[in-house]
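Undergrad: Structure for this input, please:
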Amino acid sequence: MARAVEFYQRAFGAVVDHQGHWQGRTTTAIDIGGIRVLLSDRPYPLDAPVKKGVWEPHLGMDHLSFTVPHLDAACQDLKAKGVEFLMEPHEMRPGVRVAYVKAPDNVRIELLERRE
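TA: Numbers count the residues shown, from 1 in each chain. Next up, the predicted model:
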């Protein structure tokens, strides 16, 4: 998890908001531009008490998406920080450009520029 925290701090300026322990897991909450993201050192235990709709065991998120005003500049900045790209910037459809980067724990991050 420390590797993930360091990545989000370096690449996106994340700030550690809280660290703690819950249900046998170590968790760290980070703030990325006003969005709180909770990182954990392991999945929610499958045999843990369930609160319907809140703490049900589930698979992780598909990807994060950040809207940026200038995709090329954002990508240049991330490349300078050593971030690995899964997909270089390209036009997804008229007026929308995207790129994908790789974060720790196989999380994909989409960078999205809208010119619509």
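Undergrad: State the next helix or strand along the chain beyond the helix or strand hosting residue 77.
TA: Using DSSP states H and E, residue 77 sits in helix 71-80. Going down the chain from helix 71-80, the next helix or strand is strand 85-93, by DSSP H and E.
Undergrad: I would like the residues contacting the helix or strand following that following strand, please.
TA: On the C-terminal side of strand 85-93, the closest following helix or strand by DSSP H and E is strand 96-103. With Cβ atoms under 8 Å, 6 or more residues apart in numbering as the test, strand 96-103 has contacts from 4, 7-8, 11, 63-64, 71, 74-75, 78, 83-92, 108-116. Where C-beta positions appear, they are placed from N, C-alpha and C, glycine not excepted.
Undergrad: C-alpha coordinates for the next helix or strand after strand 96-103, CSV please?
TA: The C-terminal neighbour of strand 96-103 among helices and strands, as given by DSSP H and E, is strand 107-114. Extracted as CSV, the C-alpha positions of strand 107-114 are listed here (Å, rounded to 0.1, in the frame of the first residue of the first chain):
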residue,chain,number,x,y,z
VAL,A,107,-5.5,0.3,-11.1
ARG,A,108,-6.0,2.2,-14.4
ILE,A,109,-6.3,5.9,-14.5
GLU,A,110,-8.0,7.7,-17.3
LEU,A,111,-7.0,11.3,-18.2
LEU,A,112,-9.9,12.9,-20.1
GLU,A,113,-9.9,16.2,-22.1
ARG,A,114,-13.2,17.5,-23.4
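Undergrad: Right, I'll call it a day here.
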